[in-house]
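*Asks:* following is a predicted model, sequence given first.
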Amino acid sequence: MSQSLKSSPSLLGKILGGGFALLLLALLGLELLVHKHVTFSMEGWFGFYPACGLLAALLLVLVANYLLRPLVKRDEDYYDR
Amino acid sequence: MIASVVFPPALIFVLGALLTVLLRGRAMKTVALLVPVVGFALLWSTADGSYGHIPFMGLDLVLTRIDPLARIFGYIFQLITLLGLVFSLHHNQRSHYGVALLYAAAAQGVTFAGDLFSLFLFWEVLTVAATFLIAAAATERARGAALRYLLVHIAGGLCLLTGILLHYAASGSIAFNAIDWATPGTIFIFLGFGLNCAWPLLHTWLVDAYPEAPIAGTVFLSAFTTKSAVYVLARGFAGTEALIWVGVAMATFPIFYALLEDNLRRVLSYSLISQVGYMVVGIGIGTQMAINGAVCHAYAHILYKSLLFMTIGAVMYRTGSCKASELGGLRRSMPLTACFCLVGSAAISAVPLFSGFVTKSMIMDAVAHEHLQLVWLVLLAASAGTFLYAGIKIPYFAFFGRDSGLRPAEAPPHMLLAMAGAAFMCVLLGVYPDFLAGLMPYSLPLHPYTAAHVLTKSQLLCFAGLAFVLLRWLRLWPAVGAAVYLDVDWFYRRVARLFYGLADRLLNGINAGAEELLLHRALPCLVRFFEAPGGYLQIAGLRLLARFGLIGRELPDTEGMVECRSRSGTYPVGIGVLLAVLYLAVMSLLFFT
């Protein structure tokens, strides 16, 4: 019993996760109500900023982890040898 | 005003540095803390203008030129000196306070220099003081990093000096204002400034040295060198289009390294370059709006970056580590430090109500105003990246996340006080942007808090946060662990070692060969020859004659006679007369023809 409690996400985690999901939905919903001052046409697309944040973050991490890391990672004592 | 003629702000700091070296204990610390306060009072009470003109070898040196652009940098450098000194009160070495104040003096000197020569002088003091601040960590790695720092910056300083001399030769003036691209020295000045600004490919001194410096030293380092370079670029090269692209590169590439790095102080160092990138973009655009943005972002950046370096410094002070892989869960025993770290993270990530939100949006608006769509899009993506590595990674891996089991004590009171001061300023600039509006070089309206702006920025950050949750859940987030991530410094740390080896074998080979030839072979021959030079020459001549058959059997007897004569120094008078006549003949040919 205690094992399953440990491996399952805690109540606090669930509340935080749920709250975060609600926040994301609310931010998307608010976009329908708030008038955006558009300089570039793409800014006016629905969900442009959320998509930009999500995709940019994913892309940056994946590029760092799978392209840059294999190229530049060395042992900690590389320069001391 | 009169006071300023006698005391340029930099001189207050130099005197303070000298005084602290003479004192010790509480008196030393009190004097050190008073220096930035006195400096601030002096600057605050002095009106804009040029003071303290010194004629020097036909040049007009201006030690104090105060205008709105210099003033805002002067204030923030004084404020961060005070906060940095409060943070470092656990130090009892006199050298620490002396060097820190000298470093601050150099930053004040650069800021208020009205001519290129005094600028160069203070520029070099910046380098020397920073080198000692780094080396003060007294570890092997810190000494190496300090030496590399010094070498790189001496090269940059010489480049700047070359530029200044060429500029002076071409224009006849050393006044430091906007620099004209028509003179040949401009490119050298540009690159000299750029090296201190940590432009891409010229940046590795920063990520090499700052993580190795003592925790209090890093607070000063993070504020002065790069931001004084931002200041001189804003004054000398506002509107230089190349800077836009340099800035875009600066803002983006460090993010990849910051995401990978395990050492949180190195993450902050890469992040520093990225944030300075935004300022460089603003300077490159060069409109009043953009310069305001760049300068205000520098102001806010100095505060939140120092705050983050202080929080990680406090963690290092208590645990001895600043590695993501060795930390975690420290909020349980260092709750106040954790709160201050969250404030710094929110400020750097441009969360609404924190300083970065106000200042970064000024630059983004200036970019949008010039319709630079690609630049704008890349900087927007970089903002999302900033939130990942600075907004989430640093607090998460240090204070939240996996429990490392470490239960260090809360940071000492003086560190908490310094962090509280910086955190207060981060919030003040966020909730009361008019504070900044009063300091901006150009008075323009400042309206960061529109509903659309708050919403779109919140969307960007929250969905970048969603990316973090997804990546952690899918186990795609870069694993933390001790490693070296190669950067451009590989060229001078590894390739230079190869070059050193080659040069060693080639040049030392020549050296050894020359020693063998000259010292061991030629010298004994010469020594023997000069025992009796005349005799040996005659014998050689006689042998030559004998070879051609001009003399025959009498050779051994003649040789014996020549040797005997030359050793006893007795020559017939005729030979002496012959030599005298020959000498006079040569002289008359030389002088009378």
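*Replies:* Cool, the structure landed. Values in this document were obtained by computation on a predicted structure and should not be read as measured data.

*Asks:* list the residues that contact the nearest residue to B:L101 once chain neighbours are set aside.
*Replies:* What sits nearest to B:L101 in space, not counting adjacent residues and going by C-beta to C-beta, 6 or more residues apart in numbering or on different chains, is B:A17, at 3.8 Å. For the C-beta atoms, the positions are set from N, CA and C on the backbone; glycine is no exception. For B:A17, the contacting residues are B:35, B:97-99, B:101-102, B:105, by C-beta atoms under 8 Å, 6 or more residues apart in numbering or on different chains.

*Asks:* what of A:L27?
*Replies:* A:50, B:455, B:458-459, B:462.

*Asks:* highest neighbour count among those residues?
*Replies:* Highest neighbour count within the contacts of A:L27, by other C-beta atoms under 10 Å in any protein chain shown: B:Q459, with 23 neighbours.

*Asks:* that residue reaches A:G53, doesn't it?
*Replies:* Yes. Contact criterion C-beta atoms under 8 Å: B:Q459 and A:G53 qualify, at 6.5 Å.

*Asks:* residue numbers of chain A in contact with chain B?
*Replies:* A:20, A:23-24, A:27-28, A:30-31, A:34-37, A:39-40, A:43, A:49-54, A:56-65, A:68-69, A:71-76, A:78-79 (C-beta under 8 Å from any C-beta of the partner chain).

*Asks:* narrow these to just the buried residues.
*Replies:* For these, a burial check counting by 16 or more other C-beta atoms under 10 Å in any protein chain shown picks out A:24, A:27-28, A:31, A:36, A:39, A:43, A:49-50, A:52-54, A:56-58, A:60-61, A:64-65, A:68-69, A:72, A:79.

*Asks:* now, those residues that are in helices?
*Replies:* A:24, A:27-28, A:49-50, A:52-54, A:56-58, A:60-61, A:69, A:72 (DSSP state H).

*Asks:* quick one: B:G52 is in a helix?
*Replies:* No. Secondary structure assignment (DSSP: H, G, I helix; E, B strand; the rest coil) places B:G52 in strand, not in a helix.

*Asks:* if we can go back for a sec, could I get the contacts of A:L27 as TSV with distance to B:V246?
*Replies:* Formatted as TSV, these follow (distance: C-beta to C-beta, whole Å):
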residue	distance to B:V246
A:P50	30
B:L455	32
B:S458	30
B:Q459	29
B:C462	31
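
*Asks:* so which of those residues are in strands?
*Replies:* Among the contacts of A:L27, none falls in strands (DSSP state E).

*Asks:* got the contact list for A:H37?
*Replies:* A:H37 touches B:450, B:452, counting by C-beta under 8 Å, 6+ apart.

*Asks:* torsion angles phi and psi at it?
*Replies:* phi -90, psi 110 (degrees, to the nearest 10).

*Asks:* for B:M57, same thing?
*Replies:* Dihedral angles (degrees, to the nearest 10) for B:M57: phi 50, psi 50.

*Asks:* how many other residues sit next to it?
*Replies:* With other C-beta under 10 Å as criterion, B:M57 counts 6.

*Asks:* tell me how far it lies from chain A.
*Replies:* 45 Å (C-beta to the nearest C-beta, to the nearest Å).

*Asks:* what about chain A, any weak spots by pLDDT?
*Replies:* A:1-9 (pLDDT under 70).

*Asks:* swap in 50 and give it another go.
*Replies:* Residue ranges of chain A with pLDDT under 50: A:1-7.

*Asks:* per-domain residue ranges of it.
*Replies:* A:1-34, A:35-81 (automatic domain parsing).

*Asks:* turn those into TSV, including distance to B:T225.
*Replies:* Formatted as TSV, these follow (distance: least, C-beta to C-beta, whole Å):
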stretch	distance to B:T225
domain A:1-34	39
domain A:35-81	23
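
*Asks:* quick check: which of these is nearest to B:L550?
*Replies:* The closest of the domains of chain A to B:L550 is domain A:35-81. By C-beta to C-beta, the value is 71.2 Å.

*Asks:* can you check the distance spanned by the closest one, start to finish?
*Replies:* The first and final residues of domain A:35-81 sit 60 Å from each other (C-alpha to C-alpha, to the nearest Å).

*Asks:* what's the burial count for the nearest residue to B:G98 once chain neighbours are set aside?
*Replies:* Counting by C-beta to C-beta, 6+ apart, the nearest residue to B:G98 once its immediate chain neighbours are dropped is B:V21, at 4.3 Å. Residues near B:V21, counting by other C-beta under 10 Å, number 16.

*Asks:* show me what contacts B:V21?
*Replies:* Shown in contact with B:V21 (C-beta under 8 Å, 6+ apart): B:94-95, B:97-98.

*Asks:* same question for B:A437.
*Replies:* Counted by C-beta under 8 Å, 6+ apart, B:A437 has contacts B:443, B:445-446.

*Asks:* most surrounded residue in these?
*Replies:* Going by other C-beta under 10 Å, B:L446 tops these with 21 neighbours.

*Asks:* how near is that residue to B:M362?
*Replies:* Separation of B:L446 from B:M362 (C-beta to C-beta, to the nearest Å): 7 Å.

*Asks:* check B:R24 too.
*Replies:* Distance from B:R24 to B:M362, by C-beta to C-beta: 45 Å.

*Asks:* the more surrounded of the two?
*Replies:* Set B:R24 next to B:M362 and count neighbours by other C-beta under 10 Å: B:M362 wins out with 27 against 12.

*Asks:* hmm, B:W376 is touching B:E370, no?
*Replies:* No. B:W376 lies out of contact with B:E370 (C-beta under 8 Å); the separation is 9.1 Å.
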